[in-house]
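1. Could you look at this predicted model? Sequence included:
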Amino acid sequence: MAVWSYKNFTKDEMECKCGCGLLPTPKFMERLQALRDRYGKSITVTSGARCPVHNAKISGSSKSKHIEGIAADLSCTPHEKYILVKIAIELGFGGIGVAKSFLHVDTRDMKESVIWTY
């Protein structure tokens, strides 16, 4: 069992909410921690890793990057979203989804970031 070494995020907030224990990949967590370090303020994760069963239960996309353990949804204000999107692009997050009350970030393989709105 790997040691959880991400100072600003707990295993509980990042693992699948169904209790199966699915966690994001270490590579994703390192980038998420880098985002938090550069931002310099608290970030609230509303959704981290999701197993396929839980993802379907909450009507998530069957192609969701949460299933791969490489995505998180972050609760934030409109002003915080602007700053976090800028930092996420600089850090090379491949997918950035902007919604009214949250920001989705993922580490899909892309040469350039893809940004969309919900």
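-> Done, it's in.
2. In which helix or strand does residue 56 reside?
-> For residue 56, the element it lies in under DSSP states H and E is helix 52-57.
3. Pull out the buried residues from that helix.
-> Judged by neighbour count using 16 or more other C-beta atoms under 10 Å, the buried positions of helix 52-57 are 54, 55. For the C-beta atoms, the positions are set from N, CA and C on the backbone; glycine is no exception.
4. Offset the numbering so it begins at 40, please.
-> Noted, 40 is the first residue going forward, which turns the last one into helix 91-96.
5. Would you mind listing the outside residues contacting that helix?
-> The set of residues that contact helix 91-96 without belonging to it, under C-beta atoms under 8 Å, 6 or more residues apart in numbering, is 55, 56, 57, 59, 100, 101, 103, 105, 106.
6. most neighbours, which of the residues you listed?
-> In terms of neighbour count, residue 105 stands highest of the contacts of helix 91-96 at 25 neighbours, by other C-beta atoms under 10 Å.
7. And the residue nearest in space to the middle of the chain, how far from residue 52?
-> Relative to the mean C-alpha position of the chain, the nearest C-alpha, by C-alpha atoms, centre = their mean, is the one of residue 111, at 1.8 Å. From residue 111 over to residue 52 the distance is 9 Å, taken as C-beta to C-beta, to the nearest Å.
8. cool, and residue 58?
-> Taking C-beta to C-beta, one finds residue 58 at 14 Å from residue 52.
9. Comparing those two, which shows the higher neighbour count?
-> Just comparing residue 58 and residue 52: by other C-beta under 10 Å the higher neighbour count belongs to residue 52, 13 against 9.
10. helix/strand/coil for that one?
-> Following DSSP: H, G, I helix; E, B strand; the rest coil, the label given to residue 52 is helix.
11. Can you name the residues that contact it?
-> For residue 52, the contacting residues are 84, 87, by C-beta under 8 Å, 6+ apart.
12. Can you pull out the low-pLDDT segments for the protein?
-> Within the chain, the set of residues satisfying pLDDT under 70 comprises 40-41.
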